[in-house]
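Trainee: Below is the sequence, then the predicted model.
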Amino acid sequence: MRKVQWVMAAGGTWVPLDTRTSRQLEAWWSTHTGGYLRIPAFGASPVYVDTSQLSVHYGGNRYVIARRLY
C-alpha cells in the first residue's frame, strides 16, 4: 500500500508537512472539507486550509499544498 505525504510549496521546492498536520489534511481531503489548523511552519497561529483548492491561507497570502503518494 502506498503512503501519503502532504507537502507545501516553498519557492522552487516542496517541503514535507509534519505528521499531525498531514493526518488532519488527509481526513479533510477525503471529505472535501477544510478548516483552521495549527501548522508548525506558520508558528502558533491557526491557518485556514482549503483541501478542495489545495491551499493554505495565512496573513493575506495563499500557499499551495499537495498530496503526494510514494
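Mentor: Arrived safely, thanks for sending. Residues are numbered from 1 along each chain as shown.

Trainee: Not counting sequence-adjacent ones, nearest residue to Leu25?
Mentor: Among residues not flanking Leu25 along the chain, Trp6 sits closest, at 4.7 Å (CB to CB, 6 or more residues apart in numbering). Yep, even glycine has a C-beta here, placed from its N, CA and C like the rest.

Trainee: does the one you found sit in a helix, a strand or a coil?
Mentor: Secondary structure, DSSP: H, G, I helix; E, B strand; the rest coil: Trp6 is strand.

Trainee: give me the beta-bridge partners of it?
Mentor: With DSSP bridges as the criterion, Trp6 is bridged to Arg67.

Trainee: my guess is it contacts Trp28, does it?
Mentor: No: using CB atoms under 8 Å, Trp6 makes no contact with Trp28, being 10.3 Å away.

Trainee: and the residue nearest to Leu25, how many neighbours?
Mentor: Trp6 is flanked by 24 other residues according to other CB atoms under 10 Å.

Trainee: And Val7, by the same measure?
Mentor: Neighbours of Val7 using other CB under 10 Å come to 16.

Trainee: could you list every residue that touches it?
Mentor: 14-17, 65-66, 68 (CB atoms under 8 Å, 6 or more residues apart in numbering).

Trainee: Restricted to strands, list those.
Mentor: Among the contacts of Val7, the members found in strands (DSSP state E) are 14-16, 65-66, 68.

Trainee: Closest to Gly34 out of these?
Mentor: Taking CB to CB as the measure, Gly34 sits nearest to Ile65 out of the ones in strands among the contacts of Val7, at 10.5 Å.
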